[in-house]
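[1] Predicted model follows, preceded by the sequence.
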Amino acid sequence: MINSNRKRNKILVVDDDERLLHMLRDMLSANGYEVLLAKDGAQAVTVARKEQPGLILMDILMPEMDGYTACSILKSDEKTKRIPLVMLTAVGYEMNKKLSEDLNADDYLEKPISVGILVDTVKRLMISAS
């Protein structure tokens, strides 16, 4: 039971913008979440497989491996496909939202993100996944 609660409380945040990465970490930590960080999609896949977080927040445009590729890998892997995944982007094109849905992302948020919307989205997805 303790491990299950820890997993639900753990969020992986993935973004190549270090300032935003730390801002999201601070927002989520202040709301009681344990936050794991990754700077690109490749790191995200590795961390998600190892740590099994309760939720993943992932930027779309990143070096090494973009968020779409990482989302596709994670959503097709038996070990990670049930982890709720939210795509984040500063570029709010309808095409980005549609592609995120096609890759089975669980939600899509545009930057800048308000603390209220972020926390509400996280709570809603983590509750529905449990």
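    Arrived safely, thanks for sending.

[2] just checking, what's the longest helix in the protein?
    Taking DSSP state H as the criterion, the chain has its longest helix at helix 115-129.

[3] Report the buried residues of that helix.
    Neighbour-count burial for helix 115-129 flags 118-119, 121-122, 125-126 (criterion: 16 or more other CB atoms under 10 Å). (C-beta placed from N, C-alpha, C; glycine too.)

[4] Which one of those residues is nearest to residue 10?
    In terms of CB to CB, no member of these lies closer to residue 10 than residue 126, at 9.8 Å.

[5] still on that earlier bit, for the longest helix of the chain, name the packing helices and strands.
    Contact analysis of helix 115-129 by 3 or more CB pairs under 8 Å, 6 or more residues apart in numbering; DSSP states H and E lists helix 18-30, strand 55-59, strand 85-89, strand 107-110 as its packing neighbours.

[6] Could you export the ones you listed to CSV, including columns for mean pLDDT and distance to residue 44?
    Output for the helices and strands packed on helix 115-129, formatted as CSV (pLDDT from 0 to 100; distance: least, CB to CB, whole Å):
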stretch, mean pLDDT, distance to residue 44
helix 18-30, 95, 12
strand 55-59, 97, 6
strand 85-89, 93, 9
strand 107-110, 92, 16
